[in-house]
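Colleague: Below: sequence and its predicted model.
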Protein chains: 2
Amino acid sequence: TIAAPAIAQTMPEVKWRLASSFPKSLDTIYGGGEVLAKRVAEATDGKFQIRVFAGGEIVPGLQVLDAVQNGTVECGHTVSYYYVGKDATFGFDASMPFGTNARQQNSWLYHGGGLQLMRDFFKTYNIMNFPGGNTGTQMGGWFRKEIKTVEDLKGLKFRIGGYAGKVLTKLGVVPQQIAGGDIYPALEKGTIDAAEWVGPYDDEKLGFNKVAPYYYYPGWWEGGPNVSVLVNLNEWAKLPKHYQAVFESACAETNMDMLTKYDVLNPPALKRLIGAGTQLRPFSKDIMVACYHAAQETYAEEAAKNPAFKKVFDHWTAFIAEQHSWFRVAEAGFDSFMMYGLPKK
Amino acid sequence: TIAAPAIAQTMPEVKWRLASSFPKSLDTIYGGGEVLAKRVAEATDGKFQIRVFAGGEIVPGLQVLDAVQNGTVECGHTVSYYYVGKDATFGFDASMPFGTNARQQNSWLYHGGGLQLMRDFFKTYNIMNFPGGNTGTQMGGWFRKEIKTVEDLKGLKFRIGGYAGKVLTKLGVVPQQIAGGDIYPALEKGTIDAAEWVGPYDDEKLGFNKVAPYYYYPGWWEGGPNVSVLVNLNEWAKLPKHYQAVFESACAETNMDMLTKYDVLNPPALKRLIGAGTQLRPFSKDIMVACYHAAQETYAEEAAKNPAFKKVFDHWTAFIAEQHSWFRVAEAGFDSFMMYGLPKK
């Protein structure tokens, strides 16, 4: 018949595998992959199925980019700053020190020109990237001792990943790369002095509060990290146009969904942690300024030797400055009154 | 044949009309309806078509709810606080004075329990509501004269809509209901003393800066107004499940899209306005506190006589307080350093 091929053409069966960088225990960030897969299946009447694999099931969590690039999986869910060792330019797709908050990262990507810049870069890895989640500003981590001055950073063994570790070495910190499950015993034994992970809800699960009393903020290296969906370009090209549309829409929905989930889960988790004895501490102004200068030095060194990095960095820097010229007005005016200006009850 | 009906069942042709509350000139907020329609068509291979009508084309902009309720159109794109005259409870779906910012409004709706509460309420109007856009914190409006004290509000003829007007009457303001196109001449002639609209990008188009020099912030009545997609429940029930999924996903994408578009367009518009002589002014702390108390009085009066309102108000109030307990930490710590703590260049 003529009709049968027409059905096949309109709604073909497609099966993809998604490699997540995250363990199933993180229902927030690992959960994003499942939100995406569920929506894509629902929107295609079950014809486009994406099976989600946790970090380590197909490839280790930090090799998702490679697995997508070489076609081991059709797509992945990861944070692009895991790959700054290949090229620091990847970091801008996720978060870089003293950069954007979640809303600004989305604005830069979707309408500020950032997504096109990043896609031009990802294309050289045979990958298309989609914003697909955000944690909001992360915490600065768990410290066994108080850190009051820039001097206190010297020799500090700090479990911290990616580009921020590089920045902190300028201030004498000794960054440690330790997988999530191994952080607790290292912090307990004192093999490390401090560790950063995500924020209250995720951190509470790993129990860091039991072995390190001081919980610092903000995580200036992650003002609003975007979690990306990466798709192999050959596989993308094989999708019918309307499956591409379903997928892209579901990525944007997943992005919104993850941040709003974190925002609902973090406040009660922070309360529980404080109730159990955690001491909240802001990084001192001196420390923040020293870290800011260390970041700018690191950026300047990278930009001098990496034209791809410089191109994105210049665009991103100008965008952030312009954002603040507006956020300082209505947004900050409203937020600061709501947070600090309300009459006491 | 057997195959032909199978095609029809999988991807039936559906044609909907969407009544927008907004004029085509507002590419930001009217544009949201078009973003939604385009994505739904793309994701269904052109089978589910939504035609977008500007405010006034089918029904006046402020009657979209009625048109969706009675089935004149299948769906609409509007701001629910337009309907506080019917029931003040509608306001929570959009924004209420001294409430949420954009991110908190989304968190409350998607994961905080707010959407279910609002859907229970909308159901009594035979409507299902979907978050579908946000402007971010709006500006406080354009004033012909400076407003320095609470006393200066007395007798002020202020073009301001909805619930905020009701709040401001407690401080002696005389709220004026004037459609967008009629504001400019009224402000020019001095028939009104002040007018609020949206924010820099939208306001600039209407030219208010030419007839009122003072541009106040923040619009405490709209910390992050959600723009809603309203769907007639009978029409919703007729959609195949996968079209429902496509539609819901596209609404979430539209929500993200509109806010990020505003965030990219507002900063340069604000710069242009200031360059052309606009004087930025924050509402004084005294004025903010007086308005806050007036809002709480208004809420208490409404809650005493409207159980539906009280139910949502209590939930929303508790949610906001909890949000601030977390936003004060990492988010505000990061944002305030990025806005005010950076070393001068």
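Modeller: Looks like it arrived, so ask away. Residues are numbered from 1 along each chain as shown, chains lettered A, B, ... in the order given.
Colleague: measure residue A:174 to chain B for me?
Modeller: Applying CB to the nearest CB, to the nearest Å, the value for residue A:174 to chain B is 24 Å. From N, CA and C alone the C-beta is placed, and that goes for glycine too.
Colleague: so that residue makes contact with residue A:157?
Modeller: Yes: with contact defined as CB atoms under 8 Å, residue A:174 reaches residue A:157; the gap is 5.0 Å.
Colleague: OK, contacts around the nearest residue to residue A:285 once chain neighbours are set aside?
Modeller: Nearest in space to residue A:285, with sequence neighbours left out and distances taken as CB to CB, 6 or more residues apart in numbering or on different chains, is residue B:341 at 6.6 Å. Contact analysis of residue B:341 by CB atoms under 8 Å, 6 or more residues apart in numbering or on different chains lists A:285, A:288, A:289.
Colleague: among those, which ones are buried?
Modeller: Among those, the ones that count as buried by 16 or more other CB atoms under 10 Å in any protein chain shown are A:288, A:289.
Colleague: CSV for the contacts of residue B:341, including pLDDT, distance to residue B:122 and secondary structure?
Modeller: Formatted as CSV, the contacts of residue B:341 follow (pLDDT from 0 to 100; distance: CB to CB, whole Å; DSSP: H, G, I helix; E, B strand; the rest coil):
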residue, pLDDT, distance to residue B:122, secondary structure
A:285, 96, 48, helix
A:288, 98, 45, helix
A:289, 97, 50, helix
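Colleague: Over to the residue nearest to residue A:285: give its phi and psi.
Modeller: phi -100, psi -10 (degrees, to the nearest 10).
Colleague: could you give the angle of the longest helix along chain A to helix B:241-275?
Modeller: When chain A is parsed with DSSP state H, its longest helix is helix A:241-275. Taking axes from the mean of the first three to the mean of the last three CA atoms, to 10 degrees, one finds helix A:241-275 and helix B:241-275 inclined to each other by 70 degrees.
Colleague: how about a markdown table for the contacts of residue B:341, with distance to residue B:192 added?
Modeller: Output for the contacts of residue B:341, formatted as a markdown table (distance: CB to CB, whole Å):
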| residue | distance to residue B:192 |
| --- | --- |
| A:285 | 45 |
| A:288 | 46 |
| A:289 | 47 |
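Colleague: what's the closest of the contacts of residue B:341 to residue B:72?
Modeller: Using CB to CB, residue A:288 comes nearest to residue B:72 of the contacts of residue B:341, at 56.3 Å.
Colleague: Report the separation between residue A:184 and chain B.
Modeller: 21 Å.
Colleague: same deal with residue A:320?
Modeller: 8 Å.
Colleague: quick one, phi/psi of that residue?
Modeller: Taking degrees, to the nearest 10 as the convention, residue A:320 sits at phi -60, psi -40.
Colleague: How about the contacts made by it?
Modeller: So residue A:320 contacts A:99, A:100, A:104, A:108, B:338 (CB under 8 Å, 6+ apart).
Colleague: of all the contacts of residue B:341, which comes closest to residue A:208?
Modeller: The nearest member of these to residue A:208, counting by CB to CB, is residue A:288 at 22.1 Å.
Colleague: I'd like to know how far that closest one sits from residue B:58.
Modeller: Counting by CB to CB, to the nearest Å, the separation of residue A:288 from residue B:58 is 54 Å.
Colleague: Could I get the full set of strands for chain A?
Modeller: Ranges of strands in chain A, per DSSP state E, are A:14-20, A:48-53, A:75-78, A:127-134, A:141-143, A:157-159, A:174-176, A:194-195, A:214-217, A:226-232, A:279-282.
Colleague: Now do the fourth one: distance to the chain's middle.
Modeller: In other words, strand A:127-134. What separates the centre of strand A:127-134 from the centre of its chain is 10 Å, taken as CA atoms, centre = their mean, to the nearest Å.
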